[in-house]
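In: pasting the sequence and the predicted model now:
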Amino acid sequence: MKHFTVKTGSRFEMTDITDRVRSILMESKIKSGICHVFTPHTTAAITINENADPDVPKDIIMELDKVIPLNDNYRHIEGNSAAHIKSSLIGASEMVIIEKGKLVLGTWQSIFFCEFDGPRTRKVLVKLVSAE
Ligand code: ZN
């Protein structure tokens, strides 16, 4: 298992981590298999979405904030319930197929680390499973 850190700069943000995952895959020399990307945090998430227009992640963050407002008489005393709920909604991991030594992603797809309670230093774990 490999890991890397993501330093987030604001409360909510989506960071494209595709190149960092890709470099772990290239080092491994695995040609066929599965790449599992996981974040071990309860107020962050991993998702796959469009990388071409930077407004797409901004819109995702904006709409998540409408569905799950920052303050809504939550019971959790730490005051970051919205971040916990967003984390569960988006999910802590993504799985990507590896074929011919490459991540199988659509032309416009990237893997994003989603920060919902930053700024913080976060960890992303990558497990590659060879199926050769
Ligand atoms: Zn909390």
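Out: Sure thing, it's come through. Numbers count the residues shown, from 1 in each chain.
In: every contact and neighbour count from this point should use C-alpha atoms.
Out: Noted.
In: pull the number of nearby residues for residue 16.
Out: Using other C-alpha atoms under 10 Å, residue 16 has 21 neighbouring residues.
In: now swap in residue 90 and tell me
Out: Applying other C-alpha under 10 Å, we find 16 residues neighbouring residue 90.
In: ok, now residue 36?
Out: The number of residues packed near residue 36 is 17, by other C-alpha under 10 Å.
In: would you say it is within a helix?
Out: No: with DSSP: H, G, I helix; E, B strand; the rest coil as the criterion, residue 36 is assigned strand and is not in a helix.
In: once you drop chain neighbours, what's closest to it?
Out: residue 95 (4.6 Å; C-alpha to C-alpha, 6 or more residues apart in numbering).
In: nearest residue to the middle of the chain?
Out: residue 46 (2.2 Å; C-alpha atoms, centre = their mean).
In: what strands line up against the host helix or strand of that one, and which way round?
Out: Here residue 46 is covered by strand 44-50, with elements defined by DSSP states H and E. Using DSSP bridges, the strands paired with strand 44-50 are strand 109-115 (antiparallel).
In: my guess is residue 64 is in a helix, correct?
Out: Yes: under three-state DSSP, residue 64 falls within a helix.
In: tell me, how many neighbours does it end up with?
Out: 19.
In: correct me, but it touches residue 87?
Out: No: Residue 64 is beyond contact range of residue 87, at 10.6 Å (criterion: C-alpha atoms under 8 Å).
In: quick one, helices of this structure?
Out: Assigned by DSSP state H, the helices in the chain fall at 18-28, 55-67, 81-90.
In: looking at these, which is buried most?
Out: helix 81-90 (a mean of 19; mean count of other C-alpha atoms under 10 Å).
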